[in-house]
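# Pasted the sequence and its predicted model underneath.
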Amino acid sequence: MNDEQDRTALRPATRVATAGRRKEWTQGIVNPPVWRASTILFDDVAHLRASTRRPNDGLYYGRRGTPTQWSLADALTEMEPGAEGTMLYPSGVAAIAGVLLAVLEPGDELLMVDSAYEPSRAFCDNVLKKIGVTTIYYDPAIGAGIADLCTDRTKAIFLESPGSLTFEVQDVPAIVAVAKARGIATIIDNTWATPLLLPAIGMGVDISILACTKYIVGHSDVMMGSATANAAWFDRIRRTAHSLGQCVSADDAYLASRGLRTLSVRLRQHEESALKIARWFEGRPEVARVLHPALPSCPGHDLWRRDFRGASGLFSIVMQGGDDKARSALIDGLALFGIGYSWGGYESLALPVDPSPVRSATKWQAEGPAIRFHIGLEDPDDLIADLEAGLARYA
Ligand SMILES: Cc1ncc(COP(=O)(O)O)c(CNNC(=O)CNC(=O)c2ccccc2[N+](=O)[O-])c1O
């Protein structure tokens, strides 16, 4: 395989299958080996000193990685055309925290989307506040109107599109344009779409965060996060990650690389099955609303059609009346849906969610309780039969 070819013209599925497999790291085998290390031995003192002067170039110390981690980081960078580099973290929340600590300083203001993942909000309220960073939450539908919230202290705008529990799609290009005109950094949590469905850096976002725990790993057996940044921000992200001692094990990096290779085909199946089930829910009288970006009824659907290359397998429904007891009866009796946190693996999941306590800038009103579904790789007709029985229990 010719390492030298120009890879920028390759399509996303080809990049995902081939990226990060440099011969210097694989030595000719298909997958980079698992290089486990803490101590790295040098030939002599001169070699040690030369490596210490250039710790980002080659083997140095376990915390700085080995070809196993470098291969994964290289592949994740390639997934975001226009990106400079990627840092790896032990979880998605660690990646979010590491990026925010890299970008923000005391006295700064952060604009954080109100539909963000709850632990992202918790970091702002519990940690950033303590170091003198002010977080202002904004309506996910704000678009270019975010300009009215920007002040001379605004340092960064954090996006998550679609939102974690309620799936509003944001106008990423409009917010990026406002930010760039003011020298404000943009950060996106791109876990739901991955760069395959939303090429965030190519759209002008400065830093793209993934909870690799989800679709990148794809098998519910590794916790990992990543932050991919453009040339303006990567060095700062890398320096802060090193200062925080952030690293991942070679074994987890290997499993994440292994997951990455099938991401394209898995996402297509998640999209197809989830859309079939979301449309089925739309026809059910027990369901008031289906919050799936690919459905015209979902807030921001037109933006999804304009900016996204598809949809993944996570969406929510709002029940028509009923209560938590009825919701639990629906969920508890499901045979093919696990009940658990996380998502993005091959298995289907159902999670009772209550968005209202996790909002501050916008009011969440609903006709009844909400359930977030992750649609896995099972046959969608089996899943629908299971859900049909579940709806019959919703009394
Ligand atoms: C969009 C997004 N971004 C980052 C992360 C964190 O990834 P990590 O789990 O690897 O740290 C995630 C993790 N997702 N996990 C879940 O959605 C499951 N629920 C939770 O983790 C959870 C935990 C405590 C409180 C609230 C929630 N929640 O989902 O809202 C994410 O969905």
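Alright, I've got the coordinates.
# got the CA coordinates for stretch 177-195 in PDB?
What follows is stretch 177-195, C-alpha atoms only, in PDB (Å, rounded to 0.1, in the frame of the first residue of the first chain):
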ATOM      1  CA  ALA A 177     -19.700  33.000  10.800                       C
ATOM      2  CA  VAL A 178     -20.500  35.200  13.900                       C
ATOM      3  CA  ALA A 179     -17.700  33.700  15.800                       C
ATOM      4  CA  LYS A 180     -15.000  34.100  13.100                       C
ATOM      5  CA  ALA A 181     -16.000  37.700  12.600                       C
ATOM      6  CA  ARG A 182     -15.300  38.300  16.300                       C
ATOM      7  CA  GLY A 183     -12.200  36.100  16.800                       C
ATOM      8  CA  ILE A 184     -14.300  33.800  19.000                       C
ATOM      9  CA  ALA A 185     -13.400  30.000  19.100                       C
ATOM     10  CA  THR A 186     -16.000  27.400  18.200                       C
ATOM     11  CA  ILE A 187     -16.100  24.000  19.800                       C
ATOM     12  CA  ILE A 188     -18.600  21.300  18.900                       C
ATOM     13  CA  ASP A 189     -19.500  18.000  20.500                       C
ATOM     14  CA  ASN A 190     -19.900  16.000  17.300                       C
ATOM     15  CA  THR A 191     -20.600  12.600  18.900                       C
ATOM     16  CA  TRP A 192     -24.100  12.000  17.400                       C
ATOM     17  CA  ALA A 193     -23.000  12.600  13.800                       C
ATOM     18  CA  THR A 194     -19.300  11.900  13.900                       C
ATOM     19  CA  PRO A 195     -17.300  13.700  11.200                       C
END
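# give me the element the nearest residue to G340 once chain neighbours are set aside is part of.
Leaving aside its sequence neighbours, G340 sits nearest to L349 (Cβ to Cβ, 6 or more residues apart in numbering; 6.0 Å). The C-beta positions use only the backbone N, C-alpha and C, and glycine is treated the same way. Element membership of L349 [criterion: DSSP states H and E] is strand 348-353.
# List the pairing partners of that strand within its sheet, with orientation.
strand 337-338 (parallel), strand 370-374 (antiparallel) (DSSP bridges).
# Please identify the most buried of these.
By mean neighbour count, with neighbours taken as mean count of other Cβ atoms under 10 Å, strand 370-374 ranks first of the strands paired with strand 348-353 at a mean of 23.
# Using CSV, write down the CA coordinates of the helix or strand that it is followed by.
Downstream of strand 370-374, the first helix or strand assigned by DSSP H and E is helix 380-392. What follows is helix 380-392 as a C-alpha-only set of coordinates in CSV (Å, rounded to 0.1, in the frame of the first residue of the first chain):
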residue,chain,number,x,y,z
PRO,A,380,-35.8,-3.3,12.8
ASP,A,381,-38.9,-5.4,12.4
ASP,A,382,-38.0,-7.4,15.5
LEU,A,383,-37.4,-4.1,17.3
ILE,A,384,-40.8,-2.7,16.1
ALA,A,385,-42.6,-5.9,17.4
ASP,A,386,-40.9,-5.4,20.8
LEU,A,387,-41.9,-1.7,20.8
GLU,A,388,-45.5,-2.5,19.8
ALA,A,389,-45.8,-4.7,22.9
GLY,A,390,-44.2,-1.9,24.9
LEU,A,391,-46.8,0.6,23.8
ALA,A,392,-49.6,-1.8,24.7
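# Which strands and helices lie in contact with helix 380-392?
Judged by 3 or more Cβ pairs under 8 Å, 6 or more residues apart in numbering; DSSP states H and E, helix 380-392 is in contact with helix 263-282, helix 324-332, strand 337-338.
# Excluding chain neighbours, what is closest to the residue of the chain found nearest the ligand?
Nearest residue of the chain to the ligand (Cβ to the nearest ligand atom) works out as G92 at 2.3 Å. Nearest non-adjacent residue to G92, counting by Cβ to Cβ, 6+ apart: A211, 2.6 Å away.
# just to revisit the earlier point, could you dump the helices and strands packed on helix 380-392 to a markdown table with distance to M112 and mean pLDDT?
Compiled in a markdown table, those are given as follows (distance: least, Cβ to Cβ, whole Å; pLDDT from 0 to 100):
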| stretch | distance to M112 | mean pLDDT |
| --- | --- | --- |
| helix 263-282 | 27 | 98 |
| helix 324-332 | 28 | 98 |
| strand 337-338 | 30 | 98 |
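# Save those as CSV, and put in distance to F373 too.
CSV is the format used below for these (distance: least, Cβ to Cβ, whole Å):
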stretch, distance to F373
helix 263-282, 7
helix 324-332, 10
strand 337-338, 7
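# where does this structure come near the ligand, residue by residue?
Residues of the chain found near the ligand (Cβ under 6 Å from any ligand atom) are 91-93, 117-119, 160, 164, 189, 191, 211, 213, 223, 225, 341-342.
# Could you identify the pair within those that is furthest apart?
E160 and M223 (18.9 Å; Cβ to Cβ).
# These two: which has the busier surroundings?
Neighbour totals were compared for E160 and M223, and E160 leads with 24 against 17 (other Cβ atoms under 10 Å).
# roughly how far apart are the nearest residue to D354 once chain neighbours are set aside and T77?
The shortest distance from D354 to any non-neighbouring residue, by Cβ to Cβ, 6+ apart, is to A370 (7.0 Å). Separation of A370 from T77 (Cβ to Cβ, to the nearest Å): 36 Å.
# same question, M319
42 Å.
# what do you get for I175?
I175 is 23 Å from T77, by Cβ to Cβ.
# Repeat that for L104.
L104 is 23 Å from T77, by Cβ to Cβ.
# Strands of the stretch 151-300 of the chain, residue ranges please.
All strands of the stretch 151-300 of the chain, identified by DSSP state E, counting those that start in this stretch, fall at 154-160, 185-189, 207-210, 225-229, 287-291.
# got a markdown table for those strands, with mean pLDDT too?
Formatted as a markdown table, the strands of the stretch 151-300 of the chain follow (pLDDT from 0 to 100):
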| stretch | mean pLDDT |
| --- | --- |
| strand 154-160 | 98 |
| strand 185-189 | 99 |
| strand 207-210 | 98 |
| strand 225-229 | 98 |
| strand 287-291 | 98 |
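# Of those, which stretch is the most buried?
Stretch with highest mean neighbour count among those: strand 207-210 (a mean of 30; mean count of other Cβ under 10 Å).
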